[in-house]
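[1] with the input below, show me the fold.
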Amino acid sequence: MVILVYMRGVNMRIEIDNNYIEYTEEDDCLFIDMIEVSTKRQGIGSELVNKVFTIANENSLNVELCIVEQDDETSKSDLYEFYTSLGFEYNNEIGGDFMIW
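    This is a model prediction of the structure:
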C-alpha cells in the first residue's frame with residue numbers, strides 16, 4: 001500500500017508498506033529529512049525518492065538532502081552512490097554533504 005501526502009509547509013511522509021520517506025518544503029525545494037527502508041537494495045528507496053521527485057516536478061521545486069549515515073550497514077559512499085544514481089549532485093553553493101536534484 002502506498003500513502004502519498006503533500007501539504008505545503010508541513011513535515012510530509014510517504015509510506016510504502018513499512019518503509020517511508022520524510023521531507024519538508026523549504027524555500028523553493030523539498031528537503032529529504034529521512035528515508036527508512038527495512039530491506040535494502042530492493043528498489044524501495046528509489047521508489048520513495050521518485051515519488052518525491054514527482055511532487056517536486058508538479059510544483060516546480062528542487063529536491064535537496066544532506067548525506068548522513070543512519071546505521072552501521074550503509075556508508076556515506078554507499079549513500080552518495082545511491083543518490084547520484086537517482087540524479088543528485090553535490091550542491092556547491094552550500095558545500096559539505098548537501099546534494100541537489
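
[2] contacts, neighbours, all on C-alpha from now
    Fine.

[3] flag every buried residue along the lengthiest helix in the chain.
    In the chain, assigned by DSSP state H, the helix with the most residues is helix 44-58. Buried residues in helix 44-58, counting neighbours by 16 or more other Cα atoms under 10 Å, are found at Ile44, Gly45, Leu48, Val49, Val52, Phe53, Ile55, Ala56.

[4] turn these into a markdown table, columns for distance to Thr74 and pLDDT.
    Shown next, in a markdown table, are these (distance: Cα to Cα, whole Å; pLDDT from 0 to 100):
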| residue | distance to Thr74 | pLDDT |
| --- | --- | --- |
| Ile44 | 15 | 94 |
| Gly45 | 13 | 92 |
| Leu48 | 17 | 96 |
| Val49 | 17 | 95 |
| Val52 | 22 | 95 |
| Phe53 | 23 | 96 |
| Ile55 | 27 | 93 |
| Ala56 | 26 | 94 |
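
[5] follow-up on the earlier one: could you name the helices and strands sitting against the next helix or strand after the longest helix of the chain?
    The first helix or strand that comes after helix 44-58 along the chain, using DSSP states H and E, is strand 62-66. For strand 62-66, the packing partners by 3 or more Cα pairs under 8 Å, 6 or more residues apart in numbering; DSSP states H and E come out as strand 29-36, helix 44-58, strand 98-100.
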